[in-house]
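Q: Turn this into a model:
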Amino acid sequence: MFPLSSFLSEVCFVLSNFSMLVLVGLKDELLAAQVEARSTEAQLEGEVALNRRLRTAIRDLSTSWELEPVDESREEARGDALVDQLCYLGATLRDRVRDALQTGVKRAMAVVCSSFSYDMEVVSHGFVTDISKTDAENEERLHALIDDAEAPGERLAKLFKPEVLPPETSSGTDDGGEGRDID
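A: All right, here's what the predicted structure looks like:
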């Protein structure tokens, strides 16, 4: 017969070892969870910094193009504010660039007409081809005309640049310089 005290001491020993194994396992799990938490925290800090840089860049672009920024103080706007701002900015800039192109073409046509006599209706249809020449010859002539117009075109564009483009801004200067990528 096995004495009760030996049995109880054996049970206590087994329970003690089991408890020790459980504690070691819990400690390992705790350490692994702490490492994962630190990694997640670092990743989150990176995302927050990127978010801040994006907000600064969008705000700077909106300001330079004289656009009304999205009100981020409303709780419902905070989650999607960057997406909303980017969509608004993209659509508005596309409209403005289209308008600038139209303005540039109109100004160029006015410059051409200021000293020369041209049929504006004919000019408004684009390049005039010579029907007695082949497509390849007309294409070669077109490329030569474009090449010849490069330098004078740049000079003319500089005249209208202030009307078309917003002034340049330095993006990200109010967040310690983190808002601007160095090329």
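Q: Which SSE is immediately downstream of the lowest-mean-pLDDT helix or strand in the chain?
A: When each helix and strand of the chain is scored by mean pLDDT, DSSP states H and E, helix 75-78 comes last, with a mean of 54. For helix 75-78, the following helix or strand on the C-terminal side (DSSP states H and E) is helix 81-115.
Q: Only the buried residues of that next one, if you could.
A: Buried residues in helix 81-115, counted by 16 or more other Cβ atoms under 10 Å: 81, 85, 88-89, 93, 96, 100, 104, 107-108. Where you see a C-beta, it was placed from the backbone N, CA and C, and this is true even at glycine.
Q: Just send the residues you listed back as CSV, with pLDDT too.
A: CSV is the format used below for the buried residues of helix 81-115 (pLDDT from 0 to 100):
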residue, pLDDT
A81, 74
Q85, 82
Y88, 85
L89, 87
L93, 86
R96, 85
A100, 83
G104, 81
R107, 80
A108, 81
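Q: does S132 count as helix, strand or coil?
A: Under DSSP: H, G, I helix; E, B strand; the rest coil, S132 falls in the coil class.
Q: that older thread, I'd like the buried residues of helix 81-115 written out as JSON lines, with distance to G153 added.
A: Formatted as JSON lines, the buried residues of helix 81-115 follow (distance: Cβ to Cβ, whole Å):
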{"residue": "A81", "distance to G153": "40"}
{"residue": "Q85", "distance to G153": "34"}
{"residue": "Y88", "distance to G153": "32"}
{"residue": "L89", "distance to G153": "28"}
{"residue": "L93", "distance to G153": "23"}
{"residue": "R96", "distance to G153": "21"}
{"residue": "A100", "distance to G153": "15"}
{"residue": "G104", "distance to G153": "10"}
{"residue": "R107", "distance to G153": "12"}
{"residue": "A108", "distance to G153": "8"}
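Q: can you give me the mean pLDDT across the longest helix along the chain?
A: Identified as the longest helix of the chain according to DSSP state H is helix 4-64. Helix 4-64 carries an average pLDDT of 87.
Q: what's the angle between it and helix 81-115?
A: 20 degrees (axes from the mean of the first three to the mean of the last three Cα atoms, to 10 degrees).
Q: helices or strands up against helix 4-64?
A: helix 81-115 (3 or more Cβ pairs under 8 Å, 6 or more residues apart in numbering; DSSP states H and E).
Q: Which SSE is immediately downstream of the helix it packs on?
A: That would be, after helix 81-115 and using DSSP H and E, helix 120-123.
Q: pLDDT averaged over that next one - what is it?
A: For helix 120-123, the mean per-residue pLDDT is 79.
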